[in-house]
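# Next come a sequence and a model predicted from it.
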Amino acid sequence: MALILRLACPTRINGLRPWFPRRLPSLRSTVPTRKVAQFGTTLGLLGLIPVSRANTSISPEKNRLIGSNPDLRPINDTRFPWRQFLAMLWPHLKYLLAAIGSALAVAYLNIQIPQQLGQVVNVVSSLLSQVGDAEGQVRRFMDQIREPCGRIIQLYLGQAVMTWGYIYSLACLGERVAADLRQQLFASIVAQDIAFFDEHKSGEIISRLTTDVQDFKSAFKLCISQGLRSTAQTVGCVVALYSISPPLTGLMLAVVPVVIGIGTALGSVLRKMSKAAQAQVAKATAVGEECISNMRTVRAFAMEDQERAMFNEEVENARRLNERLGLGIGIFQGGANLFLNGIVLTTLYYGGYLLSTQQLTAGDLMSFLVATQTIQRSLGQMSLLFGQMVKGLSAGTRIFDYVNLVPTIRLEGGQEIPYHSLIGEIEFRNVGFQYPTRPDQRVLDQFSLRIPGGKMVALVGSSGGGKSTVASLLERFYDCNEGVITVDGVDIRKLNPKWLRGRAIGYINQEPVLFATSVMENIRYGRPSATDFEVMEAARAANAHTFIQGFPDKYDTVLGERGVTVSGGQKQRIAIARALLKNPTILVLDEATSALDAESEKVVQEAIDQVAQGRTVLVIAHRLSTIQKADAIAVVDQGRIVELGTHESLKKFGGIYAKLIRQQEQSSSPNSRGMA
Ligand SMILES: Nc1ncnc2c1ncn2[C@@H]1O[C@H](COP(=O)(O)OP(=O)(O)OP(=O)(O)O)[C@@H](O)[C@H]1O
């Protein structure tokens, strides 16, 4: 290797920059062929930059939605996907039918009750008009009242049973639909591209899983219980009224469609307002969540006031939007009440007139009034329900927006290289990349690098140069926009991502996240099927076994949320053990020791050196002392490799690497520490 590296000893190109030209030319560029050939040969000999360059430019996928599925709508569409929702209801059809059946039965019984009450009133009023002895009156009353009262008791009992029926079946239906929605939503969220999480705050995502599902479930249940019942009662009572007085009922029916038309128009405005208000509530939640989950940083910078101000501003915006929504719903409900009261007054007025002209009996008027009141109550409930429905539909739309979002990088599917034949050779060929959230910033540009199997290559360079991006692309957190990345010659886009991340590559970064569970389970996260013995073996290899044995509950010690109860060095070694458990052929270490103090760094570095044996290692490091033993060191600047060689050759060469070494030596010298 050293010989090969020496072959590529630094030369001045055009007298501008030693070792490499400022921009590495692409074969598809307009650079003269001779120069390209010369350059390609040099790097090819080096074994780190590929000589052959296929035209691998891949156009970026723009539409992150379903694409080929016409059923699914673009994100932020305000329409609710009814077909998809009905398909979701299908498995729970029995509960739906039971709920609808019992709600309609309750409605039917509620329509019957006024008529039977009318019968009772007719019996009472007929007794009042009769003369005779008191005993005879009582007997006649008892004889005549028995039948209508018996029917009323049956109706009341039936109503009680059916009420239980629809409440219970609705509870089952609502909870099952909500559980399905949550599961589908969560499955969709965890499958999203990393770019999705760059774009959306976690609080906003959590709000869809919690508040939106809750709002949707409540609205859905209300629609079936109150909505269906009220609609059926209204229709039934209108029929009953029609049998009593067709002209009065006709008058009412002429007004209702106008009201429904106005209501629908107002409804679409309110739905938009509701969606905006809910989005703002989610934003406020996200700001709060971010502060709470980073409380230590907030406290360390004494930023409580600013955080509070930021949260208050978002909450104020949410309040304003919700107040406007309340105003709209209020106008709607006020108007609906006015209409309903008008109906009652008209009924009384016209019913009284009919009674006075003896076209109605007292019992009929009683039935009429109770039925009208049932209609009033039903319509009142429907107008209240309307607000809930608007909220529920926009919550549902937001949920399905996420459910239908399809990631560009699937979690599973594709080729796997058999473990015994996996060498772990990595190659980046002319890779170009921009982050989806910043399409105008070119992070990697014609980036080419080859890491032979079993070798260690370190990436160094100034901050923001693109080193971590290289690791992210290898893990397929993102797909490159141009060029190709291969493992053992296979384009990683053809490889099964689950296999690539789960078995082939072990990834350790600066801030490893541990979960609030036992040490054992945290390490086993690397390979859930691992035995306790294998977990302990991995911990031994990562220099973690001894300190874990020192914990009160050893491997059963439960770590605090995100591992706050262990030190940085301990956390890092647990993370190394976790990655090791996969026994990966490729190890990616992204600043794995840079957050540690000198002593922890030494222990962790020892662990890394031990576990790196026999694996292909891509290491990204700020502290150059940790990578001196690497087979090759690549200096990355503005998304390109500008220097490449061993520690010694680059130091001798006197370029950027040598300068970085000098800077670090100066800053760590006792004098400079004393001055600091
Ligand atoms: N998720 C992201 N979305 C958008 N831009 C990003 C993202 N991550 C990094 N960048 C940008 O890409 C560029 C390269 O970042 P990268 O983290 O790869 O650099 P680096 O060389 O690893 O830096 P450092 O040594 O400071 O870790 C930077 O300008 C950074 O702001």
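Cool, the structure landed.

# For Pro552, grab the count of nearby residues.
6 (other Cβ atoms under 10 Å). C-beta here means a position set from N, CA and C on the backbone, and glycine is covered the same way.

# Report whether it is found in a strand, as I expect.
No. Pro552 is assigned coil when assessed by DSSP: H, G, I helix; E, B strand; the rest coil, not a strand.

# Give me the distance between the closest residue in space to Glu606 that isn't next to it in sequence and Gln610.
Nearest residue to Glu606, sequence neighbours excluded (Cβ to Cβ, 6 or more residues apart in numbering): Asn543, at 6.1 Å. From Asn543 across to Gln610, the span is 8 Å (Cβ to Cβ, to the nearest Å).

# do the same with His647
Counting by Cβ to Cβ - His647 and Gln610 are separated by 20 Å.

# which of the two has more neighbours?
The neighbour comparison of His647 against Gln610 (other Cβ under 10 Å) goes to His647, with 18 against 14.

# distance of that one from Gln663?
15 Å.

# part of a helix, is the residue nearest to Glu606?
No. Looking at Asn543 with three-state DSSP, it is coil, so not inside a helix.

# who does the longest helix anywhere in the chain touch, helix- and strand-wise?
Identified as the longest helix of the chain according to DSSP state H is helix 134-191. Where contact means 3 or more Cβ pairs under 8 Å, 6 or more residues apart in numbering; DSSP states H and E, helix 134-191 is packed against helix 82-89, helix 93-128, helix 213-222, helix 362-403.

# Give me the neighbour count for Ser367.
As a burial measure, Ser367 scores 27 neighbours (other Cβ under 10 Å).

# again with Ala179
Count around Ala179 with other Cβ under 10 Å applied: 12.

# One more: Ser102?
Neighbours of Ser102 (other Cβ under 10 Å): 23.

# do the same with the one 3 residues further on
Ala105 sits with 19 neighbouring residues when counted by other Cβ under 10 Å.

# show me what contacts it?
Residues counted as contacts of Ala105 (Cβ atoms under 8 Å, 6 or more residues apart in numbering) are Gly158, Met162, Gly165.

# Am I right that the first one is in contact with Ala107?
So the one you mean is Gly158. No. Between Gly158 and Ala107 there is no contact under Cβ atoms under 8 Å: 11.9 Å.

# Look up the closest residue to Asp445, ignoring the ones flanking it.
Nearest to Asp445 is Gly639, by Cβ to Cβ, 6+ apart, at 4.4 Å.

# measure that neighbour to Cys480 for me?
11 Å.

# same deal with Val287?
33 Å.

# So the two - more neighbours on which side?
Between Val287 and Cys480, Cys480 has the larger neighbour count (other Cβ under 10 Å), namely 26 against 20.

# so what's the more buried one scoring on pLDDT?
Note for Cys480: predicted pLDDT of 92.

# Doesn't it belong to a helix?
No. Looking at Cys480 with three-state DSSP, it is coil, so not inside a helix.

# what sits against Ala539?
Contacts of Ala539 by Cβ under 8 Å, 6+ apart are Ile523, His545, Ile548, Tyr555, Arg573, Ile574, Ala577.

# Next, format those as CSV and append neighbour count and secondary structure.
Formatted as CSV, those follow (neighbours: other Cβ atoms under 10 Å; DSSP: H, G, I helix; E, B strand; the rest coil):
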residue, neighbour count, secondary structure
Ile523, 29, helix
His545, 19, helix
Ile548, 25, helix
Tyr555, 19, helix
Arg573, 28, helix
Ile574, 25, helix
Ala577, 28, helix
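
# I'd like to know how far whichever residue of the stretch 251-400 of the chain sits closest to the ligand sits from Asp305.
Taking Cβ to the nearest ligand atom, the ligand has its nearest neighbour within the stretch 251-400 of the chain at Glu290, 15.9 Å off. Look at Glu290 and Asp305: by Cβ to Cβ, they are 16 Å apart.

# Now name the helix or strand holding Thr431.
Residue 431: Val, not Thr. Assigned by DSSP states H and E, Val431 belongs to strand 426-433.

# Which strands border that strand, and is each parallel or antiparallel?
strand 444-451 (antiparallel), strand 482-487 (antiparallel) (DSSP bridges).

# My guess is Gln137 contacts Leu127. True?
Yes. Here Gln137 lies in contact with Leu127, judged by Cβ under 8 Å, at a distance of 6.3 Å.

# what is in contact with Gly639 and Cys480 at once?
Contact criterion Cβ under 8 Å, 6+ apart; residues shared by Gly639 and Cys480: Phe433, Leu444.

# What separates the first and last residues of stretch 401-420, distance-wise?
43 Å (Cα to Cα, to the nearest Å).

# ok so, going back, same list (the contacts of Ala539) but as a markdown table, adding distance to Leu411.
As requested, the contacts of Ala539 are exported to a markdown table (distance: Cβ to Cβ, whole Å):
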| residue | distance to Leu411 |
| --- | --- |
| Ile523 | 23 |
| His545 | 33 |
| Ile548 | 31 |
| Tyr555 | 30 |
| Arg573 | 29 |
| Ile574 | 25 |
| Ala577 | 25 |
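
# how is this protein carved up into domains?
Residue ranges for the domains of the chain, per the TED database: 81-245+378-408, 246-359, 426-668.

# mean pLDDT for the ones you listed: which is lowest?
Among the domains of the chain, domain 246-359 scores lowest, with a mean of 79.

# and the end-to-end length of that domain?
For domain 246-359, the end-to-end distance is 12 Å (Cα to Cα).

# And that domain, how far out from the chain middle?
27 Å (Cα atoms, centre = their mean, to the nearest Å).

# now swap in stretch 449-458 and tell me
Relative to the chain's own centre, stretch 449-458 is displaced by 36 Å; criterion: Cα atoms, centre = their mean.

# right, is that stretch up against the ligand?
No. Using Cβ under 6 Å from any ligand atom, we find that stretch 449-458 stays clear of the ligand, coming within 12.4 Å at best.

# So what touches that stretch?
With Cβ under 8 Å, 6+ apart as the test, stretch 449-458 has contacts from 1, 47-50, 423-428, 470, 488, 585, 612, 614-621, 627, 629-634, 641.

# Which positions within it qualify as buried?
Of the residues in stretch 449-458, those buried by neighbour count under the rule 16 or more other Cβ atoms under 10 Å are Leu449, Arg450, Ile451, Pro452, Gly453, Gly454, Lys455, Met456, Val457, Ala458.

# The last one and Arg83: what is the separation?
Okay, so that is Ala458. In this view, Ala458 and Arg83 are 54 Å apart by Cβ to Cβ.

# The fourth one too?
Counting by Cβ to Cβ, the gap from Pro452 to Arg83 is 53 Å.

# Ok, the second one next?
Using Cβ to Cβ, one gets 50 Å for the distance from Arg450 to Arg83.

# Next: the third one.
Counting by Cβ to Cβ, the separation of Ile451 from Arg83 is 49 Å.
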